[in-house]
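**Student:** Sequence first, predicted model second:
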Amino acid sequence: MTHPSIECVQLTKNFGTFTALSRLDLKLEGAKCVGFLGPNGAGKTTALKMLTDMIFPSSGECFINGINVREERKKALAEAGVLIESPEIYPSLTPRQALEMVCDLRGVPQNLRRDRIEEVLSEVKMQDWVDKRFGKFSKGMKQRINIAAALVHDPGVVILDEPATGLDPRGMAEVRDIVRGLKRRNRLIFMSSHILQEVTDVCDEVALIDKGKLLFYDTLSNVTSKFADGAPTIDVGLSRPLGDESTLKQVEGLTGVTSCVLLEPKRLRLKFKGGPSAQEQLLASLVELKIGVITLSEPESALEEIYLKQISKGD
Amino acid sequence: MGETEEKTKPEPAGSGSHVPGSFQQILKLTRAQFQEYLASRRFVILLGIVAMIGLIITAVVGAFHDRAFLHALVSSPLAFYGSFWGGAASFVIVLSAVFFGGDAIAGEFQNKTGYFLMGLPIRRTTIYVGKYIAALLASICVLFVFFLIILANGVYYFGGDALPWQFGPSLLLSIIYLVAVLSTTFLFSSLFKTSAYGFVLTAILFIIGFSLLQDVVQSILDYQPWMVISYASSAIGGVFGTATDPCTGAVINTINWGLNGIYGIPGGPAARAGCPATGGPREALLSGPTWTPGIAEAVVIMVGYFVITSIVGLLSFEREEFA
Ligand SMILES: Nc1ncnc2c1ncn2[C@@H]1O[C@H](COP(=O)(O)OP(=O)(O)OP(=O)(O)O)[C@@H](O)[C@H]1O
Ligand SMILES: [Mg+2]
């Protein structure tokens, strides 16, 4: 049994004098899903494009399953399913024809094709569009077919650059399901994304880059416990805007509260120390303040907080 | 429990696929791309233009074949094809090459279809060659339609004599010319990432640029323009090789199979201006400021263009970044 792997060694890309990616060292190995995070312009697409030999490193190299991508593009990409930059497909083709072409060029055995094509098309919920031409497809429909095309040969390594772009909310949820489904097999998935919820939901590990530099690469659980300074957090929803500074001070003064930030006029984020009993006490006191508390919830994502913290550090 | 589950995860089937050899991939890509060309609006437009050129020729010949200026042409199939097929085929070829080749590579960037192919285990060279062959086939279809229109005219005027043997080498030459022109347009289109640049540049180059260069070389520099591809195209008509001796009025064979071009157009305007006192009729026929390539010479020029532009185009595409 082989271990799927992706490796970048000192991978660097300069566009003129601008360094889009700087000495990226990253080794992903084994069956898992790795999220690739970073703000706009961080260099995610640049890295993924070098990984698939669409652009060439200024220095450094990359490997898929140990095969040097630059030297043996064909052999390296044979093992991978790739979706980068939401490509377009020839407008006169239908999804079936496009996927046939992919199977043809990839050498998917003839006897498996029909089933594979049906299978991926139903996975991306496009089975009703099999024989319609691309020319008339919406952006999200095209992206679904792009996802199908990246998966039709059942690859061991999957490289996805923002697979959910252009998809409606249901489509985004479906992408999550698809990626989760991919994990049922011995596969390595490397996926860039701006949707932290998606990453939290499906990824086992995350790599975060900013301004062309890797900030960290670790398992999701390590990351959240290492960076989230341990303090539990709750978000407080209010029915009316919080009055003035003094009200905020009042909240800050409650026992156990270590910090209090006004996220929006009607939304507070509290950090506190102590266990469940401290939390029970805190919630009761909050209500007593009569500031219009209507909801109490965990913040949307611990990852978000870490993400923002790490990114702003760089500024 | 979790551990055993990890270990028994089935391998993805993809590891069982066997990527075909590059030659196979070229064929598969050519087929897909050729279908794409045939289904494209541009193919329909081009066919429309070519049909129109054919119809104009048909109408002009039909209306005026009794007049003196056309009579000589319609009196012999060789003269007829030499002027009409020979004159227009190279234009049809250039037009198809610009339509199919001008943005063949640039369009892959602009329309982002290249990113689809580039994610596949396929060499850049395979993409280039596959697209080239598809464009060649599509252009041959267009040229064939034009050929049929001209041939239909020939059958109308000459009946059983409508297919002289010279049509064989002429068709062959037209295809070699197409091969060369198309590889030149492919080279230019691989230098740009915007369709319009590829189109405009190759169109300007072939419709104005090369003939201008040819004029400059032969008229101003007084030199045989063997380095200009459009110069070679006159062999397509030249292979029919007839002209009327302006001095004796006889139809004579002017075909030159050789490697050396000759100074002058057989039966050209300067020759018609008057019969020189000295020299035989052949010299009289070959006066003038222009050069006419030998058939073998034309082939060498075309093949030379094909080889050089293909190599440069492939090398430049190999280094192309899909940024
Ligand atoms: N072809 C190019 N020429 C010049 N600069 C480029 C080119 N491609 C990317 N860049 C620059 O490199 C940097 C990284 O871009 P990249 O597309 O990798 O970012 P990204 O992390 O994918 O961002 P996003 O989340 O917006 O997709 C950006 O600053 C971008 O402007
Ligand atoms: Mg990007």
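**Tutor:** Cool, got the structure. Ligands and ions are numbered 1, 2, ... in the order given.

**Student:** How is chain A divided into domains?
**Tutor:** Chain A breaks down into these structural domains: A:5-220, A:228-313 (assignment by automatic domain parsing).

**Student:** can you give me the mean pLDDT across the last one?
**Tutor:** Same thing as domain A:228-313. For domain A:228-313, the mean pLDDT works out to 82.

**Student:** middle-most residue in chain A, spatially?
**Tutor:** A:Ser193 (3.1 Å; CA atoms, centre = their mean).

**Student:** Settle this for me: that one is touching A:Val199, isn't it.
**Tutor:** Yes - using CB atoms under 8 Å, A:Ser193 is in contact with A:Val199, at 5.4 Å. C-beta here means a position set from N, CA and C on the backbone, and glycine is covered the same way.

**Student:** so what sits against both of those two?
**Tutor:** Residues within reach of A:Ser193 and of A:Val199 at once, by CB atoms under 8 Å, 6 or more residues apart in numbering or on different chains, are A:35, A:37.

**Student:** Tell me, how many residues neighbour A:Thr224?
**Tutor:** A:Thr224: 17 surrounding residues under other CB atoms under 10 Å in any protein chain shown.

**Student:** same check, this time on A:Ser239
**Tutor:** By other CB under 10 Å, 10 other residues sit near A:Ser239.

**Student:** Quick one: low-confidence residue ranges for chain A.
**Tutor:** A:1-2, A:225-230, A:299-301, A:314-315 (pLDDT under 70).

**Student:** Name the residues of it found near ligand 1, please.
**Tutor:** Contacts of chain A with ligand 1, taken as CB under 6 Å from any ligand atom, map to A:15, A:18, A:20, A:38, A:40-46.

**Student:** let's go with 5 Å and repeat that
**Tutor:** Contact residues (CB under 5 Å from any ligand atom) of chain A with ligand 1: A:15, A:20, A:40-46.

**Student:** circling back to that earlier point, of the domains of chain A, which approaches chain B most closely?
**Tutor:** domain A:5-220 (3.5 Å; CB to the nearest CB).

**Student:** Pull the distance from the closest one to the chain's centre.
**Tutor:** 11 Å (CA atoms, centre = their mean, to the nearest Å).

**Student:** end to end, how far does that domain reach?
**Tutor:** Across domain A:5-220, the terminal residues are separated by 19 Å (CA to CA, to the nearest Å).

**Student:** burial measure for the closest residue to B:Met227 other than its chain neighbours, as a count.
**Tutor:** Distances taken as CB to CB, 6 or more residues apart in numbering or on different chains put B:Val217 closest to B:Met227, at 7.4 Å, once the chain neighbours are dropped. As a burial measure, B:Val217 scores 18 neighbours (other CB under 10 Å).

**Student:** now A:Asp131
**Tutor:** Neighbourhood size, A:Asp131 [other CB under 10 Å]: 9.

**Student:** Do you have the strands of chain A handy? List them.
**Tutor:** Ranges of strands in chain A, per DSSP state E, are A:5-15, A:18-29, A:32-37, A:59-64, A:67-68, A:80-83, A:157-161, A:188-192, A:205-210, A:213-219, A:233-238, A:257-264, A:267-272, A:293-297.

**Student:** and among those, the most buried is which?
**Tutor:** strand A:80-83 (a mean of 27; mean count of other CB atoms under 10 Å in any protein chain shown).

**Student:** Please put the alpha-carbon coordinates of that strand into PDB.
**Tutor:** Only the C-alpha atoms of strand A:80-83 are listed here, as PDB (Å, rounded to 0.1, in the frame of the first residue of the first chain):
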ATOM      1  CA  ALA A  80      -3.400  13.400  -9.100                       C
ATOM      2  CA  GLY A  81      -6.800  15.000  -9.600                       C
ATOM      3  CA  VAL A  82      -6.500  18.700 -10.100                       C
ATOM      4  CA  LEU A  83      -8.800  21.700 -10.000                       C
END
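
**Student:** strands paired with it, and their directions?
**Tutor:** strand A:157-161 (parallel) (DSSP bridges).

**Student:** ok, and what's touching the strand it pairs with?
**Tutor:** The contact list for strand A:157-161 (CB under 8 Å, 6+ apart) reads A:4-6, A:44-45, A:48, A:51-52, A:64-65, A:79-85, A:147, A:150-151, A:179, A:182, A:187-192.

**Student:** can you do 7 Å?
**Tutor:** The contact list for strand A:157-161, computed with CB atoms under 7 Å, 6 or more residues apart in numbering or on different chains, reads A:4, A:6, A:45, A:48, A:51-52, A:64-65, A:79-85, A:150, A:182, A:187-192.

**Student:** Repeat that for stretch B:154-165.
**Tutor:** Stretch B:154-165 is contacted from outside by B:74, B:77-78, B:80-81, B:151, using CB under 7 Å, 6+ apart.

**Student:** still on that earlier bit, tell me which of the domains of chain A lies nearest to B:Phe167.
**Tutor:** domain A:5-220 (34.1 Å; CB to CB).

**Student:** Residue of the stretch 1-150 of chain B closest to ligand 1, please.
**Tutor:** Residue of the stretch 1-150 of chain B nearest ligand 1, by CB to the nearest ligand atom: B:Phe109 (11.1 Å).

**Student:** Please identify the helix or strand for that residue.
**Tutor:** helix B:106-110 (DSSP states H and E).

**Student:** sorry, back to before: give me the number of neighbouring residues for the residue of the stretch 1-150 of chain B closest to ligand 1.
**Tutor:** Residues near B:Phe109, counting by other CB under 10 Å: 22.

**Student:** Let's see the pLDDT reported for it.
**Tutor:** 88.

**Student:** again, but for B:Gln35
**Tutor:** Value for B:Gln35, per-residue pLDDT: 91.

**Student:** go on, B:Pro293?
**Tutor:** pLDDT, B:Pro293: 85.

**Student:** Apart from its chain neighbours, what residue comes closest to it?
**Tutor:** B:Gly261 (4.5 Å).

**Student:** I'd like the distance between the one you found and ligand 1.
**Tutor:** 47 Å (CB to the nearest ligand atom, to the nearest Å).

**Student:** Need the phi and psi values for that residue.
**Tutor:** Per-residue torsions, B:Gly261: phi -70, psi 160 (degrees, to the nearest 10).

**Student:** In this structure it contacts B:Thr290, no?
**Tutor:** No - in this structure, B:Gly261 is not within contact of B:Thr290 by CB atoms under 7 Å, at 9.8 Å.

**Student:** between these two, which one's more packed in?
**Tutor:** Shown here are B:Gly261 and B:Thr290; by other CB under 10 Å, B:Gly261 has more neighbours (23 against 19).
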